[in-house]
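Engineer: Sequence and predicted structure are below.
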Amino acid sequence: MPNIRASIKSVRKDEKRHAKNVAEKTAVKKATRKVTDAVAEGNVDEAKSLLDAAYKTIDKAAANNVFHKNNAARKKSKLAQKVNSLAK
């Protein structure tokens, strides 16, 4: 534990940031898992509606700098490929 007041505050801020980032990453993982499960079951309509929700979650995480924008785009692209392969 640091002795300098600014360092103590920095540690506190880091913990808060870490908790927020972990929560957002978990939300993204859950959203992608829901889409993947729907694709595995073969539910086209459910997968498409869940895809929109996953897009929103991923975009929010990218806006809050949890993921880089290119990483978010890659995640969205992979999900879209899975849903589109199911629609054929």
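Structural biologist: Perfect, thanks for sending it. Source: prediction; values computed, not measured.

Engineer: check contacts around Asn71.
Structural biologist: When contacts are counted by Cβ atoms under 8 Å, 6 or more residues apart in numbering, Asn71 touches Ala62. (Glycine included, C-beta is placed from N, CA and C.)

Engineer: Work out the gap between the helix or strand harbouring it and the centre of the chain.
Structural biologist: Using DSSP states H and E, Asn71 maps to helix 69-87. Here helix 69-87 shows a centroid-to-chain-centroid distance of 12 Å under the convention Cα atoms, centre = their mean, to the nearest Å.

Engineer: what about it, average pLDDT?
Structural biologist: Along helix 69-87, the predicted confidence averages to a pLDDT of 95.

Engineer: Could you do stretch 36-52 as well?
Structural biologist: Averaging pLDDT along stretch 36-52 gives 95.

Engineer: Going by neighbour count, which residues of that stretch are buried?
Structural biologist: Buried residues in stretch 36-52, defined by neighbour count with 16 or more other Cβ atoms under 10 Å: Thr36, Ala38, Val39, Ala47, Leu50, Leu51.
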